[in-house]
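Q: my questions concern the predicted model and sequence given below.
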Protein chains: 2
Amino acid sequence: MIILSIIRMFRVPKSPAHLSRRKLSDQVVDRVKSWLMAKSMQPGDRLPQEKELLDLLGVSRSTLREALKSLEVQGIIRVSAGRSGGPSVCEVPYETAANLLTNYFYFKKLQADEIYAMRRLLEPEMAATAVAHMRDEDLDRLEELIEACRNPEDSPEGRRSQRLLELEFHNVIARRSPNALLSFNCQFINMILAQQVTIKKVYLIRQDKIDRENDDAHVELLAAFRAGDAAHVREAMVRHMGECSCHLNDLEAVVHQRFGDAVADGPIPDFTR
Amino acid sequence: MIILSIIRMFRVPKSPAHLSRRKLSDQVVDRVKSWLMAKSMQPGDRLPQEKELLDLLGVSRSTLREALKSLEVQGIIRVSAGRSGGPSVCEVPYETAANLLTNYFYFKKLQADEIYAMRRLLEPEMAATAVAHMRDEDLDRLEELIEACRNPEDSPEGRRSQRLLELEFHNVIARRSPNALLSFNCQFINMILAQQVTIKKVYLIRQDKIDRENDDAHVELLAAFRAGDAAHVREAMVRHMGECSCHLNDLEAVVHQRFGDAVADGPIPDFTR
């Protein structure tokens, strides 16, 4: 009886006309997703093994593998190797989701002022929601990050690290926001900004006024977090974001997009032509 | 010379120790992305054919196909069939990006008030940015949508359609926002809300007060758009979102998440166990 109902759920129906254009492996993906939802499957739960899936679905091995690959790329399942391995349900990791979304914006030619328009709206509210959820180690980490950025480095490499640490200050806060939408989006914006830092020389010059303002703002924010004062955090963050926006003129207006995860590990190829 | 530099870009290097854990097909994906960026490839541009790619990359056919499948699932390439077909670069469609992001939030148990916290922040600014970009047909469409929702339907199916049309009112505006971040996120929030509408009975009961407020707000917004008055649009939207948030108590607080694109076409399976 269980088997029968599983077969009914799983087996890909003979395609009616309006479905025939959708690839068979994509139909298998839909079926598996429906099945995960209907069964309220949780992260860590295992899918049936390949042989069983082949019987249940009534598709070829290559179609099944294509479907599993699709689910893996989407971050919904993880396929582990070995005798006791196989596909299991997985909570999509932040990095996977953020990288996939970066692809969407690749050709969109985001402007720096558009990124900051979004950041100005979200960051103060996000920070306010995080206040009650900050732990002692988070506050200590914020303090460390402030210290690490206090004396501006002279070398471009040093400056680059400091700019990334300034963004990490905001990520520490975003990771504690209980609002998953605000948390994700603030981290995503920081990721886009961090990619800029690794690409654009313009971020690397010494800008003493900006550095001082950043330091003041971060110090004030940390004090407000330590006091558990959400209203003060919100208000300080509104001011901080306003100042950051004012510095936009120092940056190139057009943001050079990239695929988030590409060339993360390898050397950047030498493209002379 | 061109060929040599392409080979250098493309060929997957013998893995050093820290890379060996990353699957070969994922390394191929990274290479292709790096190559797309370095060559500034545009939507519609073609990748080399399979045979050529095999030579260039020095990997097996199954590894190449897995990598191409991954790029296709990510929405970066489209693979068309037939003799003149093959992989070409593609601008990730909105639907692909939104569905992939829905996967991320599937286990996150978003609360309705979290969704509205985000919506309240973004929607007024998004609408203000869209004012100068609305076309006559957009304004006519907004008017049509207002008319279609004016007389509340009695049947649950009719109510459901009207709720979706109310969300479409906001999507028409979001699609004209020149800020790609605001545009994407407002449409994404509407998509999450629309999924709720298709699932939850609670949205289907007649709520005359809400209906009247929605109608008034949409009429005011349309007038402000017709007048090209961004400040009025922003202000009316702030009020509208505030009213919508107030109605949250009428809704269940926990949002039932789903994978965006699953069971879009097929019948919902009968899961008796």
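A: Arrived safely.
Q: helices of the stretch 51-200 of chain A, start to end?
A: Per DSSP state H, counting those that start in this stretch, the stretch 51-200 of chain A carries helices over the ranges A:61-73, A:94-105, A:112-130, A:136-150, A:156-174, A:180-199.
Q: export these to CSV and tack on mean pLDDT and distance to residue A:226?
A: C-betas here are computed from N, CA, C, even on glycine. Below are these laid out as CSV (pLDDT from 0 to 100; distance: least, Cβ to Cβ, whole Å):
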stretch, mean pLDDT, distance to residue A:226
helix A:61-73, 94, 42
helix A:94-105, 95, 26
helix A:112-130, 95, 13
helix A:136-150, 97, 6
helix A:156-174, 92, 13
helix A:180-199, 88, 21
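Q: roughly how far apart are the residue most central in space within chain A and chain B?
A: Computing the C-alpha centroid of chain A and ranking residues by Cα atoms, centre = their mean puts residue A:98 first, at 2.9 Å. Separation of residue A:98 from chain B (Cβ to the nearest Cβ, to the nearest Å): 9 Å.
Q: right, and that residue touches residue A:189 too?
A: No. Counting by Cβ atoms under 8 Å, residue A:98 does not reach residue A:189; the two are 10.2 Å apart.
Q: so which bits of the stretch 101-250 of chain A are right by chain B?
A: A:101, A:103-110, A:114-115, A:117-118, A:121-122, A:125, A:129, A:178-182, A:184-185, A:189 (Cβ under 8 Å from any Cβ of the partner chain).
Q: buried among these? Make that a PyMOL selection.
A: Applying 16 or more other Cβ atoms under 10 Å in any protein chain shown to those, the buried members can be selected in PyMOL as follows:
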select buried, chain A and resi 101+103+104+105+106+107+108+110+114+115+117+118+121+122+125+129+179+180+181+182+184+185+189
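Q: pretty sure residue A:215 contacts residue A:151?
A: No. Using Cβ under 8 Å, residue A:215 is not in contact with residue A:151; the gap is 9.8 Å.
Q: these two: which is more packed in?
A: residue A:215 (17 against 11; other Cβ atoms under 10 Å in any protein chain shown).
Q: need the contact list for that one.
A: Listed by Cβ atoms under 8 Å, 6 or more residues apart in numbering or on different chains, the contact set of residue A:215 reads A:146, A:149, A:150.
Q: can you give me the angle the strand or helix carrying it makes with helix A:112-130?
A: Using DSSP states H and E, residue A:215 maps to helix A:208-226. Following axes from the mean of the first three to the mean of the last three Cα atoms, to 10 degrees, one obtains 20 degrees for the angle between helix A:208-226 and helix A:112-130.
Q: on that earlier part again, dump the helices of the stretch 51-200 of chain A to JSON lines, plus distance to residue A:46.
A: Shown next, in JSON lines, are the helices of the stretch 51-200 of chain A (distance: least, Cβ to Cβ, whole Å):
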{"stretch": "helix A:61-73", "distance to residue A:46": "13"}
{"stretch": "helix A:94-105", "distance to residue A:46": "20"}
{"stretch": "helix A:112-130", "distance to residue A:46": "35"}
{"stretch": "helix A:136-150", "distance to residue A:46": "34"}
{"stretch": "helix A:156-174", "distance to residue A:46": "32"}
{"stretch": "helix A:180-199", "distance to residue A:46": "26"}
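Q: what about the ones you listed, which gets the closest to residue B:33?
A: helix A:94-105 (8.7 Å; Cβ to Cβ).
Q: report the buried members of the contacts of residue A:215.
A: A:146, A:149.
Q: spell out which residues make up each domain of chain A.
A: A:2-12+A:21-89, A:95-250 (automatic domain parsing).
Q: and the contacts of stretch A:82-94?
A: A:36, A:41-47, A:49-50, A:68, A:71-72, A:74-80, A:184, A:187, B:103-104, B:106-107.
Q: which ones among these lie within strands?
A: A:77, A:78, A:79, A:80 (DSSP state E).
Q: what subset of these is buried?
A: Buried subset of those (neighbour count, 16+ other Cβ under 10 Å): A:77, A:78, A:79.
Q: now the closest residue to the last one other than its chain neighbours: how far from residue A:94?
A: The shortest distance from residue A:79 to any residue other than its chain neighbours is 4.9 Å, reached at residue A:87 (Cβ to Cβ, 6 or more residues apart in numbering or on different chains). The spacing between residue A:87 and residue A:94, counted by Cβ to Cβ, to the nearest Å, is 21 Å.
Q: between those two, which is the more surrounded one?
A: Applying other Cβ under 10 Å to residue A:87 and residue A:94 shows that residue A:87 carries more neighbours, namely 20 against 16.
Q: ok so, going back, quick check: mean pLDDT of the helix holding residue A:215?
A: Average pLDDT, helix A:208-226: 93.
Q: for stretch A:28-47, same thing?
A: 93.
Q: just the CA atoms of that stretch, as CSV, please.
A: Output in CSV follows, covering the C-alpha atoms of stretch A:28-47 (Å, rounded to 0.1, in the frame of the first residue of the first chain):
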residue,chain,number,x,y,z
VAL,A,28,11.2,14.3,-12.7
VAL,A,29,12.5,17.3,-10.7
ASP,A,30,9.0,18.5,-10.3
ARG,A,31,7.8,15.1,-9.1
VAL,A,32,10.6,14.9,-6.5
LYS,A,33,9.9,18.4,-5.2
SER,A,34,6.2,17.6,-4.9
TRP,A,35,7.0,14.5,-3.1
LEU,A,36,9.4,16.3,-0.7
MET,A,37,6.7,18.8,0.1
ALA,A,38,3.9,16.2,0.5
LYS,A,39,6.0,14.1,2.8
SER,A,40,7.3,17.1,4.7
MET,A,41,10.8,15.7,4.3
GLN,A,42,13.4,17.4,6.5
PRO,A,43,17.1,18.2,6.0
GLY,A,44,19.1,15.0,6.4
ASP,A,45,16.2,12.7,5.3
ARG,A,46,17.3,10.2,2.6
LEU,A,47,15.8,9.7,-0.8
